[in-house]
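> Got a sequence here, can you build the structure:
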Amino acid sequence: MASGRVGGTRSKIRGQVGGTIYQVVKNPDGTYTQISYGKPEDVTKTITPRLQAQRMCTSIVEALMRDLRPIGNISMQSGANKSKSLNAFSSFNLQLVARDCKANWYSGNNFYYPSTSLIGETDEQIGGEFLLSSGTCQENGFDEVLHIVNPQNVWPYVSFIGKRFAGLRFSLSASPESVDQFLTRHHLTPLDSVCFACFHTWQDTDPENDDPASYTKHSYIIANIDATINRRSEITPEIIKKLFVCSSDMEVFQDVSPDGKNFYIGYLIDNAHDNAYFLTMGAFTISYATGKKHVTTSYLRGVDDRYQGYCFNYAPADVFGSWMGEPSVKPYPSPF
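Take a look at the predicted model:
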C-alpha cells in the first residue's frame with residue numbers, strides 16, 4: 001500500500017483507476033492523507049447451472065476430438081488448412097451438442113451425456129450423432145454406407161461367424177471395366193478420397209478378473225486413390241484392393257464379394273467373443289473434380305435401435321446432478 005500527503009482539493013483522488021483503489025482519509029491534526037492500494041482479487045468461483053451445462057457439452061466434443069482429429073483435419077470444406085478445418089469441425093459440433101442439450105434436456109437426446117464419474121474410464125469416449133463433414137459436393141464416391149450383422153452371408157468363410165461389418169460398398173460392373181472406367185462411374189478422380197468413421201463398443205475380459213472392462217472408441221478410415229496404378233488396367237480383385245490406400249487406427253478389411261458384384265472397405269469386429277457392437281457410422285467424399293476441394297456433408301448416425309438404447313437414461317437431466325455436486329437429484333431441472 002502506498003500513501004502520500006495531500007495538499008489541496010485538486011489532488012484529492014477517490015475511487016478506482018484500473019486495478020488501484022484511491023481513498024482520502026482525515027488525520028487527527030485536520031490534514032488529509034491520500035492512500036492507494038491494489039484491488040483485492042475475487043477468488044470466489046461461481047458455478048452456475050448454465051456454465052456447468054456448457055462444460056458438460058464441451059467434454060462430449062473433446063472426447064470426439066481425441067479420436068477423430070485426422071478426420072476433422074480434412075472434413076470441412078470451409079477450412080483452408082488442417083488447423084482451420086479442425087477448428088470448424090470442433091465449433092460446428094459444439095453448437096450441435098449445445099442445441100441438443102437444450103432441446104432434449106429430459107429425453108429424446110441424440111448424444112450420450114456423461115456423469116463426471118465417467119471421466120478417465122476406459123469407456124470415456126462418448127457417442128453422438130456428430131457432424132462428420134460439411135461441404136457443397138453432391139456426389140459420393142461410394143454406393144452405400146452399410147452395417148452387416150451376418151458377414152458370413154456375404155463371405156462364406158467359417159472364421160467370419162460371430163462377426164459384424166461396418167463400412168463402404170462399391171458396385172462392380174458385370175462387364176470388364178478399366179480402373180479409369182471404375183473411377184468415372186463412381187465420380188472419383190486420382191486425387192480424391194473417401195472417408196468412413198464409426199463409434200463402437202466392446203468388452204475385454206482380464207483372465208485375473210471375472211468382470212470384463214468396457215471400452216468405447218471412434219475409429220476412422222481415410223482411403224486415398226493410388227495414382228501409380230495404370231488407369232487402363234482391368235479391374236480385378238487384386239487390382240481394386242491396391243487401388244484404395246487406407247490409413248486407419250484399426251485393421252481395415254477389404255474384399256470383393258464372391259459373386260463379384262461388390263467391393264467392400266470397412267471393419268470386421270468380433271461380436272461373439274468381445275460383445276462388440278457398432279453404434280454410429282457415417283462417410284463422406286473429398287473431390288477435386290473441379291480443381292478445387294469439395295466435400296460431401298455427412299453425419300454419424302445410429303446404426304440401429306441399439307444406439308437409442310445406448311443413450312437411454314443418459315439425457316442431460318439424468319446425469320447433470322453430478323456436474324452440480326448433487327448426483328441424487330434426478331431428473332435435474334433444466335437451466336435453460
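> could you dump the helix or strand hosting residue 321 to CSV, C-alpha only?
Assigned by DSSP states H and E, residue 321 belongs to helix 316-323. Output of helix 316-323 as CSV, limited to C-alpha atoms (Å, rounded to 0.1, in the frame of the first residue of the first chain):
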residue,chain,number,x,y,z
PRO,A,316,-28.8,-34.2,-19.6
ALA,A,317,-31.4,-34.3,-16.8
ASP,A,318,-30.3,-37.9,-15.9
VAL,A,319,-26.7,-37.0,-15.2
PHE,A,320,-26.4,-33.3,-14.6
GLY,A,321,-26.7,-33.6,-10.9
SER,A,322,-23.1,-34.9,-10.8
TRP,A,323,-21.9,-31.8,-12.6
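> Distance check, the residue nearest to residue 234 when sequence neighbours are not counted against residue 239.
Spatial nearest neighbour of residue 234, chain neighbours left out: residue 176 (5.5 Å); criterion: Cβ to Cβ, 6 or more residues apart in numbering. Using the backbone N, CA and C atoms, a C-beta is placed for each residue, glycine as well. According to Cβ to Cβ, to the nearest Å, residue 176 and residue 239 sit 12 Å apart.
> any idea what sits nearest the spatially most central residue of the chain, other than its immediate chain neighbours?
In the chain, the residue lying closest to the centroid (Cα atoms, centre = their mean) is residue 64, at 3.1 Å. Excluding the flanking residues, the one nearest residue 64 by Cβ to Cβ, 6+ apart is residue 130, at 5.7 Å.
> thinking residue 221 is in contact with residue 248, fair?
Yes - the criterion here is Cβ atoms under 8 Å, and residue 221 meets it with residue 248 at 4.6 Å.
> neighbour count winner among these two?
Set residue 221 next to residue 248 and count neighbours by other Cβ atoms under 10 Å: residue 221 wins out with 25 against 16.
> who's in contact with stretch 286-299?
Residues from elsewhere that reach stretch 286-299 (Cβ atoms under 8 Å, 6 or more residues apart in numbering): 74-77, 129-141, 187-189, 191-195, 282-285.
> Now, those residues that are in strands?
Among the contacts of stretch 286-299, the ones falling in strands (DSSP state E) are 131, 132, 133, 193, 194, 195, 282, 283, 284, 285.
> which of the residues you listed has the most neighbours?
residue 132 (29 neighbours).
> contacting residues around that one?
By Cβ under 8 Å, 6+ apart, the contact set of residue 132 is 71, 75, 197, 282, 283, 284, 298, 299, 300.
> cool, and residue 220?
Residues counted as contacts of residue 220 (Cβ under 8 Å, 6+ apart) are 67, 68, 70, 71, 195, 196, 197, 198, 248, 249.
> Where does the closest residue to it other than its chain neighbours sit: helix, strand or coil?
Distances taken as Cβ to Cβ, 6+ apart place residue 197 nearest to residue 220, at 4.5 Å, with adjacent residues excluded. State at residue 197, reduced to three classes by DSSP: H, G, I helix; E, B strand; the rest coil: strand.
> Could you list the domains of this structure?
Following automatic domain parsing, one finds the domains of the chain at 2-38, 136-296.
> tell me the most buried of those domains?
domain 136-296 (a mean of 17; mean count of other Cβ atoms under 10 Å).
> Can you give me the end-to-end span of that domain?
End-to-end distance of domain 136-296 (Cα to Cα, to the nearest Å): 6 Å.
> got it, and stretch 132-140?
Terminal residues of stretch 132-140 are spaced 14 Å apart (Cα to Cα).
> swap in stretch 103-113?
14 Å.
> if you go through the stretch 151-300 of the chain in chain order, where are the strands?
Along the stretch 151-300 of the chain, the stretches classed as strands by DSSP state E, counting those that start in this stretch are 163-171, 193-204, 213-225, 244-248, 253-256, 262-270, 277-287, 294-295, 298-299.
> closest one to residue 309 among those?
Closest to residue 309 of the strands of the stretch 151-300 of the chain, according to Cβ to Cβ: strand 277-287, at 9.5 Å.
> Can you list the strands that that closest one pairs with?
strand 193-204 (antiparallel), strand 294-295 (antiparallel), strand 301-302 (antiparallel) (DSSP bridges).
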